[in-house]
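1. the sequence isn't on hand, but the structure is:
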């Protein structure tokens, strides 16, 4: 539902701010004025380690974008560069403020996100850089001298490797395995709600229950259009 306040905001919004929202891939052009809106996770599930890497990379991109905007470089916002005139200082400040709020939200929800340095490759990590007294340093030295483990590491995925090493190097495996599990995500749930809202819209609320349409919208099975068409009989001309 769009409130009167939302309508007023839409009318007052600078067209250049609309372009900024489109550059961010936003579904709504008024998100800059509603910083309390929580952007839920998007995309398929990934492991904890992959999530940490992507989160760290995104935080670094935010820092880079803020520096670029402060230097009046807007090349990362393609639609914004299509304007005939350069964005005003007020708009630049609005962009920086928006990016800083987004980074603050990330730090609020994920204040201390780190992963084990030896998860991907325990043979390239200096044991001296690991915590003292946890047993990780000693087990890293042992596994780096283990030729069987080196061969296994080349043949297996990281998760399968650490599961197979659990009995030989329990301390390392105990830290590594949890971070290689799938990170819980609301993506599929959000996708389902989005599909349902598109199907059960105001313009078609008098149609039959959208059960079959909904299943087709969220199914991962690709439709075999050619086979479906072959089974249909063409209507003869009258």
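-> Yep, it's here. Here the structure is a predicted model, which is why all the values come from computation and not from measurement. Residues are numbered from 1 along each chain as shown.

2. so where is this structure shaky, pLDDT-wise?
-> Low-confidence segments of the chain (pLDDT under 70): 1-45, 113, 183-187, 201-212, 233-238.

3. swap in 80 and give it another go.
-> Counting by pLDDT under 80, the chain contains low-confidence ranges at 1-52, 79-84, 111-116, 181-223, 228, 231-238.

4. for the chain, longest helix please?
-> helix 48-70 (DSSP state H).

5. buried residues in that helix?
-> For helix 48-70, the neighbour count (16 or more other Cβ atoms under 10 Å) marks 48-49, 51-52, 59, 62, 65-66, 68-69 as buried. C-beta coordinates here come from the backbone N, C-alpha and C atoms, glycine included.

6. including distance to residue 118, could those residues go into a markdown table?
-> Putting the buried residues of helix 48-70 into a markdown table (distance: Cβ to Cβ, whole Å) gives the following:
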| residue | distance to residue 118 |
| --- | --- |
| 48 | 15 |
| 49 | 11 |
| 51 | 18 |
| 52 | 14 |
| 59 | 23 |
| 62 | 28 |
| 65 | 32 |
| 66 | 33 |
| 68 | 35 |
| 69 | 38 |
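
7. just those now: which is nearest residue 121?
-> Closest to residue 121 out of these is residue 49 (12.1 Å), distances taken as Cβ to Cβ.

8. I figured that closest one hits residue 180, correct?
-> Yes - the criterion here is Cβ atoms under 8 Å, and residue 49 meets it with residue 180 at 6.1 Å.
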